[in-house]
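Q: kindly generate the corresponding structure for this input.
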Amino acid sequence: MTDRMALARQFLATTEWANAESSLLAGDASNRKYYRLGRPNSAETAVLMDAPPEKGEDVRPFVHIAHHLLGAGLSAPRILAGDEIKGFLLLEDLGDALFARAIPDNPALESTLYATATDALVALHDHAPPPGLAAYDPMLMADMAALAVDWYANGAGKADNGARQALHDAMHDLLAEHAAEATVLIQRDYHAENLLWLPERAGVARVGLLDFQDAMLGHPAYDLVSLLQDARRDVPADIETRMIARYLAKTGLEKQAFQTAYRCLGAQRNLRILGVFARLCIRDGKRGYIDLIPRVWAHLQMDLAHPVLGPVARIVTDALPEPTPVTLKKLSEKCATVPAL
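A: Numbers count the residues shown, from 1 in each chain. Sure thing, here's the model as predicted:
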């Protein structure tokens, strides 16, 4: 038994789940792990989050944001028990019906799921964000966009010492002009593998929310981009168009400004994801993320087609290689090598 497993058992011994059987439910791009707990002679289940502090994890932001989301009438997991010092939470089990599974199982549901997830953002944005959130401001967003050079371009062998600063500066100026508003809570990973379908609930509570502990203050368009430009699945173009229109109709925001911000934030987000996915392979040994890069690149190209993104598009064309099989092979060959990029 590992030290973490022993600590988990000590934590569970203080709860009603002391004798529960556990099975690994999921891990993610972080060091967190999740286990489903079940008790003999009972259909009731719960979820154990294992977030080791010694690996940089902290459950307190999850608790803070979960309480806020629940207070807004949304379906975050209820916190049943916790040990914030040792990094354990006992959570309500919201089931397995991730959007990413529910849609292939019943394609006719796709439009309903995306409409409800869009409405959930409208409901969230109607509530003042909780105190203490840092702002995802243009400077930080530009830093994150520059990861595309740090890890993706450099990892593929296309090093350019001036490209990082040029991309950073162009992205910063663009965001400062068109998407600097930071007025709502953004979950930052609001997509089909973090959303659950709970049809037995009503309204926006039918959307179960996961992986929101990195929430910040941001622009209202950010999570909508995350939802509709999904790195892990293809969202039909007509759904993207209709959901943007749906959000605008329900919020009354000005169409042109919002759509411009949407494209700027889409470019920023997709540049960041290119860098993060390359880093997950090169530094952390998670090769599977390389397979997702072509979809992210396609999203980026759609965003860069917006007229205001011309300066960024020119830098991307010069500085970032297309994700051809040769480029992806170069990245894959560096898996787990942790070079000093």
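Q: please verify my assumption that residue 158 contacts residue 319.
A: Yes - the pair residue 158 and residue 319 passes the contact test of CB atoms under 8 Å, sitting 7.2 Å apart. Just so you know, the C-beta spots here come from the backbone N, C-alpha and C atoms, and that holds for glycine as well.
Q: higher neighbour count, those two?
A: Higher neighbour count among residue 158 and residue 319: residue 319, with 19 against 16, using other CB atoms under 10 Å.
Q: roughly how far does the spatially most central residue of the chain sit from residue 273?
A: Centroid check for the chain by CA atoms, centre = their mean gives residue 189 as the closest residue, at 1.6 Å. Relative to residue 273, residue 189 is positioned 10 Å away (CB to CB, to the nearest Å).
Q: after the strand or helix carrying residue 171, next one along is what?
A: In the assignment (DSSP states H and E), residue 171 maps to helix 163-178. Next along the chain after helix 163-178, taking DSSP H and E as the criterion, comes strand 184-186.
Q: which elements pack onto the helix or strand following that following strand?
A: Next along the chain after strand 184-186, taking DSSP H and E as the criterion, comes strand 195-197. If contacts are counted by 3 or more CB pairs under 8 Å, 6 or more residues apart in numbering; DSSP states H and E, strand 195-197 sits against helix 99-105, helix 110-125, strand 207-209.
Q: mind listing residues that contact the second one?
A: Contact partners of helix 110-125, identified using CB atoms under 8 Å, 6 or more residues apart in numbering, comprise 69, 72-74, 99, 102-103, 184-185, 190, 195, 197, 203-204, 206-207, 209, 220, 223-224, 227-228, 235-236, 239, 242-243, 246-247, 250-251.
Q: walk me through the domains of this structure.
A: 3-92, 99-333 (automatic domain parsing).
Q: pick the most buried one from the ones you listed.
A: domain 99-333 (a mean of 19; mean count of other CB atoms under 10 Å).
Q: please state the mean pLDDT value computed over that domain.
A: In this model, domain 99-333 has a mean pLDDT of 97.
Q: may I have stretch 44-63 as CSV, with CA atoms only?
A: C-alpha atoms of stretch 44-63 as CSV (Å, rounded to 0.1, in the frame of the first residue of the first chain):
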residue,chain,number,x,y,z
GLU,A,44,-24.9,4.5,-3.1
THR,A,45,-21.6,5.8,-4.3
ALA,A,46,-19.3,8.7,-3.7
VAL,A,47,-16.1,10.0,-5.2
LEU,A,48,-12.7,10.4,-3.4
MET,A,49,-10.4,13.2,-4.8
ASP,A,50,-6.8,12.6,-4.1
ALA,A,51,-4.8,15.8,-4.6
PRO,A,52,-1.3,15.4,-3.1
PRO,A,53,-0.1,18.7,-1.7
GLU,A,54,3.5,17.6,-2.1
LYS,A,55,2.9,17.6,-5.8
GLY,A,56,1.6,21.1,-5.8
GLU,A,57,-2.1,20.3,-5.5
ASP,A,58,-4.5,22.2,-3.3
VAL,A,59,-8.1,21.3,-2.7
ARG,A,60,-9.2,24.6,-1.2
PRO,A,61,-9.9,26.4,-4.5
PHE,A,62,-12.1,23.4,-5.5
VAL,A,63,-14.1,23.8,-2.3
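Q: now do it, average pLDDT.
A: 94.
Q: good, we can wrap up now.
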